[in-house]
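> After the sequence you'll find the predicted model.
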Amino acid sequence: MVLDVETTVKNKGNVRTAGNFLVTIQLKVGDEETRVFTKETFSQCRPILDSASVIVGTNLKFDLAWIKRELDWEATTVWDLQIAEFLFSNQMWKYPDLDGMCEKYNIEKKLDIVKTEYWEKGIDTPDIPLDILSEYGKRDCDVTYKVFLQQVQQFQNERQGMFKLFRVHCNDLLVLLDMENNGIVYDTKSSVARAEELEEEMKKVEGSMYVYTKGIPINFDSPEQVSKLLYGGTITVTTKVPCGVFKTGQKVGQVKYKNLDTDYTLPRLIEPLKNTGKAKEGIFSTDESTLLSLKANKAGKYLISQLLRRSKLEKEVSTYLKGFPKLIDKYEWKPDMLYSTLNQCLVVTGRLSSAKPNQQNFSKEVKRFCISRFS
């Protein structure tokens, strides 16, 4: 049975975005005609889904997550076209798409009209005429079934040795879907409080480096200005200075300001490494590996250590401690919940990856605020 769904498009149809909802479900049993179900008939899908021996689709975690949310139904056996093509390509084709598969197998592609005439023009799925949306969904199911038949032939012939691995990946998909749905409980309040503590520490670290700036205000978030601090160069600082008052308009009587640019020249404190120059003349790399490789005197080593310390604190705050709460707000997830996406079709080695947020790369600091639901 081929499964496909159409949803509202906020945050790319994220199933855990509170305002999103399911618009249609498409089901195709074998080579039968595709059936389209709307909100009023969603309940009719359960017995049809229950009868399926295998659920077929592309990027099935998306569709199955919506079916779980709407119908509280879970698949037991799946066939994901995307995983099969990823394996066929020796993990070189990242996120294989249905149009690309159609081109590969000389199958008529899916319809473009919904994407080009509606979604790309800011029209959400519920506002698309149902006959057009239904035709779009039916075509998706039809070409999905045709690609499925082509993949079956490949596994029966030249790809026999890959079939067991493919089945393992499809079984893994169901486990990963469960993990995504469960999410991670995250203590947002404590995370923000800790971020504020580290921001105070960042200010102290910056203060310790001002002796090297000779009173010149440095933007430590600017790689170009950090380059000039280390390797020398001219920094332009823009300030606003009074230039009179407004004589007319809504600001009448208020002080008028103009921008004043002042150039400051910093001496070279450390010799840059060879071949670390950037496209802009006089600018050199300031990434972590470069800074750790620089040869410097005692004062220079201290400056480098403080730059690295500030960089670590800034990432901790912006990416994790304040970044995660912002991510929850952006995707309109449940309060104090993180929902990563676990990717099977991305890394050339075939290993699992994670994104938005990358839960495989949580720092020790942020792990303190991930709360277990198990005693």
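Structure received.
> And the residue lying closest to residue 77 once chain neighbours are set aside, what's its pLDDT?
Distances taken as Cβ to Cβ, 6 or more residues apart in numbering put residue 54 closest to residue 77, at 4.7 Å, once the chain neighbours are dropped. C-betas here are computed from N, CA, C, even on glycine. Looking at residue 54, its pLDDT is 98.
> same check, this time on residue 249
Spelled out, the predicted local distance difference test score at residue 249 is 87.
> secondary structure class for it?
On the three-state scheme (DSSP: H, G, I helix; E, B strand; the rest coil), residue 249 is labelled coil.
> Check residue 170 too.
For residue 170, the secondary-structure state derived from three-state DSSP is helix.
> Can you verify my assumption that it contacts residue 81?
No: counting by Cβ atoms under 8 Å, residue 81 is not a contact partner of residue 170; they are 10.6 Å apart.
> Who has more neighbours out of the two?
Remark: of residue 170 and residue 81, residue 81 carries more neighbours, 23 against 20, as counted by other Cβ atoms under 10 Å.
> residues near the nearest residue in space to that one that is not next to it in sequence, how many?
Closest residue to residue 81 apart from its sequence neighbours, by Cβ to Cβ, 6+ apart: residue 58 at 4.6 Å. Residue 58 has 25 neighbouring residues, counting by other Cβ under 10 Å.
> can you tell me how far residue 58 sits from residue 125?
For residue 58, the distance to residue 125 under the criterion Cβ to Cβ, to the nearest Å works out to 18 Å.
> follow-up on the earlier one: from what I can see the residue nearest to residue 77 touches residue 78, true?
Yes: taking Cβ under 8 Å as the definition, residue 54 is a contact partner of residue 78 at 6.6 Å.
> The two: which is more packed in?
Neighbours of residue 54 and residue 78, each counted by other Cβ under 10 Å, are more numerous for residue 78; the result is 23 against 13.
> other SSEs contacting the helix or strand hosting residue 101?
Assigned by DSSP states H and E, residue 101 belongs to helix 98-104. Contact here means 3 or more Cβ pairs under 8 Å, 6 or more residues apart in numbering; DSSP states H and E; on that basis helix 98-104 packs against helix 81-88, helix 130-156.
> Show the contacting residues for the closest residue to residue 223 other than its chain neighbours.
Distance criterion Cβ to Cβ, 6+ apart; nearest residue to residue 223, sequence neighbours excluded, is residue 286 at 5.1 Å. If a contact means Cβ atoms under 8 Å, 6 or more residues apart in numbering, then residue 286 has 223, 226, 227, 230, 307 as its contacts.
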